[in-house]
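1. Sequence and predicted structure, then a few things I'm wondering about:
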Amino acid sequence: MPLRSLSDVNAAHDDGRWHVQRVLKNAGVSHINWADATFASGQPAYDARVGAAGRFTPCVAQGNDAVFFPPVPFGMERKLVAIDARVAQSAYRGPVSLYLFDLVGYYPMIDGDSTDEQLMDNTLPLPRYTGGEGVHAVIVNHIAPAQQSGVAVLNYTDSKGVDRTATIGVANNGVGLVCSGVRPSASADTGPVSLSLASGTSGIRKINSITYSTPPSGLHAIYLIKPFATMTLGDNGIVGEKQFFIQNGTSMPLIPDGAWLSWFDRIAGSTATTTTFFGQFTFAWG
């Protein structure tokens, strides 16, 4: 029976249809703005997000590639019920925001020193959300961080099959950011995590090309992600909890087979620091 109510969740626990998965991330790159937890050792393991330049690389998690969850019987739905997490900063700079997502795939090795149009290879399709509904794009510094703030024109195909262009700012702010985010200007601290979509657009099916008018330097990747949830952790080292049915408008994220669960974190302060992360994800199905 699908999990639609709190009693359904309780019944799943009574029947043993649940799983708790530990996650651990050691200190990675010192940062202020959004950072990708992937670029730190731990469980799940470090992943450099490399591959052929500009070729879409689908992500289908197996084992401990990403946050692990068990298979479920055919016809059942898997939901994320809760997250318990503790983030410790090397020097406390303020609350930390977490942004949980499914990494659908990425385009690696984008040249941040080039002003030529860089065409993407979309030979391989999206492994999930195949029409692009709810899929967003984020630019990430992954091999060599941006050395300055940059500006680019991104050409993409939306979930309705319409080609769109967007001028975006790639922020740096001088602290070797792991995740630059995508901004409406070159400012380091304004704008959303992901590309703001055109009016009437509800997702991205593929990236066609990127052209830097102001190159930020470094090597980047464009992620295609399906956002799932956010939460904020307060005092340093204090465990925070989010029960999705109670604290998320009775909505628990649906976790499809193969989902590559990961997260970005962002520090509220104005001085860079490193973070370590320890917690657990609770899943249930029905």
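-> That came through, no problem.
2. Tell me where the model's unsure across this protein.
-> Counting by pLDDT under 70, the ranges of the chain that qualify are 1, 171-191.
3. Now do the helices in it.
-> With DSSP state H, the ranges of helices along the chain come out as 6-14, 244-247.
4. Export only the CA atoms of the longest one, formatted as CSV.
-> Right, the one you point to is helix 6-14. What follows is helix 6-14, C-alpha atoms only, in CSV (Å, rounded to 0.1, in the frame of the first residue of the first chain):
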residue,chain,number,x,y,z
LEU,A,6,1.3,8.8,9.0
SER,A,7,-0.5,5.6,9.8
ASP,A,8,0.9,4.1,6.5
VAL,A,9,4.4,5.0,7.7
ASN,A,10,3.8,3.5,11.1
ALA,A,11,2.5,0.4,9.5
ALA,A,12,5.6,0.1,7.2
HIS,A,13,7.8,0.3,10.3
ASP,A,14,5.7,-2.4,12.1
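5. Give the buried residues for it.
-> If you call a residue buried by 16 or more other Cβ atoms under 10 Å, then helix 6-14 has these buried ones: 8-9, 12. Every C-beta, even on glycine, is put in place using the N, C-alpha and C of the backbone.
6. And the helices of the chain: which comes nearest Ala91?
-> Comparison of the helices of the chain against Ala91 by Cβ to Cβ identifies helix 244-247 as nearest, at 29.2 Å.
7. How far does the closest one sit from its chain's centre?
-> In terms of Cα atoms, centre = their mean, to the nearest Å, the centre of helix 244-247 is found 21 Å from the chain centre.
8. I'd like to know which elements it is packed against.
-> Contact analysis of helix 244-247 by 3 or more Cβ pairs under 8 Å, 6 or more residues apart in numbering; DSSP states H and E lists helix 6-14, strand 78-89 as its packing neighbours.
9. And the strands in the stretch 1-150 of the chain?
-> Under the criterion DSSP state E, counting those that start in this stretch, the stretch 1-150 of the chain contains strands at 18-25, 35-36, 42-43, 57-58, 78-89, 96-111, 118-119, 136-144, 150-158.
10. most tightly surrounded among the ones you listed?
-> Ranked by average neighbour count under the criterion mean count of other Cβ atoms under 10 Å, the strands of the stretch 1-150 of the chain are headed by strand 35-36 at a mean of 26.
11. and of the strands of the stretch 1-150 of the chain, who's closest to Gln247?
-> Proximity to Gln247 (Cβ to Cβ) singles out strand 78-89 among those, at 9.1 Å.
12. quick check: angle from that closest one to strand 18-25?
-> Per axes from the mean of the first three to the mean of the last three Cα atoms, to 10 degrees, the angle that strand 78-89 makes with strand 18-25 is 30 degrees.
13. Extract the C-alpha set from strand 78-89 and format it as CSV.
-> Once non-C-alpha atoms are left out, strand 78-89 reads as follows in CSV (Å, rounded to 0.1, in the frame of the first residue of the first chain):
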residue,chain,number,x,y,z
ARG,A,78,10.1,4.0,-1.7
LYS,A,79,9.9,7.2,0.3
LEU,A,80,12.4,9.3,2.3
VAL,A,81,10.9,9.5,5.7
ALA,A,82,13.5,11.4,7.8
ILE,A,83,17.0,12.8,7.9
ASP,A,84,19.0,13.1,11.2
ALA,A,85,22.2,15.0,10.6
ARG,A,86,25.0,16.7,12.4
VAL,A,87,27.4,19.2,10.7
ALA,A,88,30.6,20.3,12.5
GLN,A,89,32.5,23.3,11.2
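14. Report the distance from it to the chain centre.
-> Using Cα atoms, centre = their mean, we find the averaged C-alpha position of strand 78-89 to lie 15 Å away from the chain's own average C-alpha position.
15. next one: stretch 254-270
-> Taking Cα atoms, centre = their mean, the mean C-alpha location of stretch 254-270 is offset from the chain mean by 5 Å.
16. which parts of that stretch are buried?
-> 255, 258-267.
17. Which one of the helices and strands packed on helix 244-247 lies nearest to Leu98?
-> If we rank the helices and strands packed on helix 244-247 by Cβ to Cβ, the stretch that ends up nearest is strand 78-89, at 6.8 Å.
18. who are the neighbours in contact with the nearest residue to Ala229 once chain neighbours are set aside?
-> Sequence neighbours aside, Leu100 is the residue nearest to Ala229 in space, at 4.6 Å (criterion: Cβ to Cβ, 6 or more residues apart in numbering). For Leu100, the contact set (Cβ atoms under 8 Å, 6 or more residues apart in numbering) comprises 80, 83, 227-231, 253, 261-263.
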